[in-house]
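A.B. asks: predicted model follows, preceded by the sequence.
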Amino acid sequence: MKRIARYTAVALILGLAVVLTLAFRRDPHDIRTGTVGQPAPAFTLADLSGNGSITLDRYKGKVVVLNFWASWCIPCKEENPALTDVWERYRGTDVVLLGIVFQDSTAAAREYTARLGNTWSSAVDDAGQVALSYGVFGPPETYFIGADGVIAGRHIGPIDSATLIKGIETLRRAVKK
Amino acid sequence: MTPGRWLIVVAVLATGLAIAWSARPQPLTDAQRVDRIAAELRCPVCQGLSVQDSPSETARAMKDLVAKRVAEGRTDDEIRADFQRSYGDWILLSPPLLSLSGLVWLAPLAALIAGVFLALGRARAPAAADGPAPTPEQRVQLADMLAEEEPQ
């Protein structure tokens, strides 16, 4: 009985060590749960610029980087240079950068994009329901959607250029195969 | 049976029926359904608060979405499944039993069963043997040793 108890304790400690090792190795920004691996929820939202609407279906066959943001969110401002870099780099290619502003007022969001000089399109998710359908916790969050319309990755928190480019290139390579 | 006893039996039965009648499932209004589902959902931006209890904007948006789905005629299970699809089982304050998160429920039960087995094992273990009784020679030796150690 004592031996069994001792073996069980050792097995539990080893199991805990393995779980902790795996957990500490994981990038906390890269959350592979929820909608990752699922078809990206469709949406049609008003364009922040005031010119018509934005529909995700319009970008089928392209790699879409979907960035959820808000003008009051400091990390969103921190990641803006990386988004600008990527926008300039992939402009006019098979890669689309799309913003979705939520939990914000349209006026504040317009002022924010004008002040930072953002020229990529953003959609207004007034009710926050598109954000909920993607499983967004809070701004900023970035989703990588493949040409097949499936969410391939998700990044929680401010994103940098290297992570953006890595995510985009992985999806572009998948399209070429 | 005497009439008095019959009266007691009838009274007990009537009380039981009254309790069962009052506890029968009542059809909920849409607002009550929204509140109940919101109370089962975790607010994603809070520390252990339900959507119903949280004043955050995200919780408000979630409750609005629940109300919209209820008005569309969706069932409670369908609405919960929508949130599970987006956020995983984590979004439910009470994770389903048949899932990885269900371990939360099973772990204490498993620990309890293991504890019971351990306690039973200990209780049934034979007590340490007392050994054979000392021989008369040993008793004499022991008495001598004690006498030597006694203070003069």
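C.D. replies: Yep, it's here.
A.B. asks: the helix or strand of chain B with the lowest mean pLDDT: how far from the chain's middle?
C.D. replies: In chain B, the helix or strand scored least confidently by mean pLDDT, DSSP states H and E is helix B:103-124, which has a mean of 81. Chain-centre distance of helix B:103-124: 14 Å, with Cα atoms, centre = their mean, to the nearest Å.
A.B. asks: how about whichever helix or strand comes after that helix as PDB, C-alpha atoms only?
C.D. replies: Once the chain leaves helix B:103-124, the next helix or strand it forms, by DSSP states H and E, is helix B:136-149. The C-alpha atoms that make up helix B:136-149 are tabulated as PDB, following Å, rounded to 0.1, in the frame of the first residue of the first chain:
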ATOM      1  CA  PRO B 136      11.200 -16.500  33.500                       C
ATOM      2  CA  GLU B 137      15.000 -16.100  33.000                       C
ATOM      3  CA  GLN B 138      14.500 -12.900  31.100                       C
ATOM      4  CA  ARG B 139      12.200 -11.600  33.900                       C
ATOM      5  CA  VAL B 140      14.900 -12.300  36.500                       C
ATOM      6  CA  GLN B 141      17.500 -10.600  34.400                       C
ATOM      7  CA  LEU B 142      15.300  -7.600  33.900                       C
ATOM      8  CA  ALA B 143      14.500  -7.300  37.600                       C
ATOM      9  CA  ASP B 144      18.300  -7.500  38.300                       C
ATOM     10  CA  MET B 145      19.000  -4.700  35.800                       C
ATOM     11  CA  LEU B 146      16.300  -2.500  37.300                       C
ATOM     12  CA  ALA B 147      17.600  -3.100  40.800                       C
ATOM     13  CA  GLU B 148      21.100  -2.100  39.700                       C
ATOM     14  CA  GLU B 149      19.800   1.100  38.200                       C
END
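A.B. asks: near chain B, which residues of chain A?
C.D. replies: With the criterion set to Cβ under 8 Å from any Cβ of the partner chain, chain A comes near chain B through A:1, A:5, A:8, A:33-35, A:38, A:41, A:103, A:127-129, A:131-135, A:137-138. Any C-beta I mention is one placed from the backbone N, CA and C, and that applies to glycine too.
A.B. asks: just for chain B, where's the confidence low?
C.D. replies: Along chain B, segments meeting pLDDT under 70 span B:98-105, B:126-130, B:151-152.
A.B. asks: enumerate the residues of it near chain A.
C.D. replies: B:44-45, B:57-58, B:61-62, B:64-65, B:68, B:82-83, B:85-88, B:90, B:114, B:118, B:121-122, B:125.
A.B. asks: which helix or strand contains the residue lying closest to residue B:50 once chain neighbours are set aside?
C.D. replies: Excluding the flanking residues, the one nearest residue B:50 by Cβ to Cβ, 6 or more residues apart in numbering or on different chains is residue B:39, at 5.1 Å. Here residue B:39, judged by DSSP H and E, is contained in helix B:30-40.
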